[in-house]
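**Q** Got a sequence here, can you model it:
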Amino acid sequence: MSGERYRTLSAVFPVIFREKDGKTEVLLARRMNTGYMDGLWDCAGSGHVDEGETASQAVVRECLEELDIAVDPESVTFAHLCHRLGLNGARTYYDLYYHVTTYSGMPHIAEPDKCSELQWFDMDSLPPDTIVLRREALAHIKTGCPYSEYIVDAKVMQG
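**A** Numbering: from 1, shown residues only. Below you'll find the predicted structure:
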């Protein structure tokens, strides 16, 4: 085995549901000016896990920063893990999805320089311009599947 150990990044994705007219809706945000998947729909309140914090703490922090809602830490429960393996220069991540069930405040865009829209969508009819990985993770969450893997190849992404 060679010198330095393999290191990855971690990102959190709050899955905020509501029931409306007998249907389950999920809160999504349209990314803007982030350098990653700008213009596409993503889980609202998503972000990186910072050094020295747990993934569930990151969910609470990101929801406050991006949505201006105070999440009850006890309501943050694990939903899904996706190991996103990066090849040819793409980054490898552990994407951690958490159900967020209890919060105070009304979600709104608190970082208008990074998000252009915030909207609730029926889980059964997500917009076509939802990030593919998020669409797949939400489908796994809906069926109760706790783990998935996805390979991202930078060469393929570049053309």
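**Q** From here on, just use CA atoms for contacts and neighbour counts.
**A** Will do.
**Q** What residues does Val100 make contact with?
**A** 14-17, 71, 75-77 (C-alpha atoms under 8 Å, 6 or more residues apart in numbering).
**Q** Tell me the one of these nearest Met123?
**A** Set against Met123, the nearest of the contacts of Val100 by C-alpha to C-alpha is Phe17 (8.9 Å).
**Q** hmm, back to that, let's see if you can find the most crowded of the contacts of Val100.
**A** Ranked by neighbour count (other C-alpha atoms under 10 Å), these have Pro14 at the top, with 30 neighbours.
**Q** I'd assumed Gln57 was in contact with that residue.
**A** No - in this structure, Pro14 is not within contact of Gln57 by C-alpha atoms under 8 Å, at 11.3 Å.
**Q** got any ranges where this protein has weak pLDDT?
**A** Low-confidence segments of the chain (pLDDT under 70): 1-2, 156-159.
**Q** Where do the strands of it begin and end?
**A** Per DSSP state E, the chain carries strands over the ranges 9-20, 23-31, 41-43, 47-48, 70-71, 76-87, 93-100, 103-104, 115-122, 147-153.
**Q** List the residues that contact the closest residue in space to Tyr103 that isn't next to it in sequence.
**A** Among residues not flanking Tyr103 along the chain, Val71 sits closest, at 4.2 Å (C-alpha to C-alpha, 6 or more residues apart in numbering). Counting by C-alpha under 8 Å, 6+ apart, Val71 makes contact with 60, 63-64, 100, 102-104.
**Q** again, but for Leu138
**A** Met123.
**Q** Also Gly45?
**A** With C-alpha under 8 Å, 6+ apart, Gly45 has these contacts: 13-14, 29, 59, 62-63, 65-67.
**Q** how close does the spatially closest residue to it that is not a sequence neighbour sit to Ala55?
**A** Nearest non-adjacent residue to Gly45, counting by C-alpha to C-alpha, 6+ apart: Cys63, 4.8 Å away. Distance, Cys63 to Ala55, using C-alpha to C-alpha, to the nearest Å: 12 Å.
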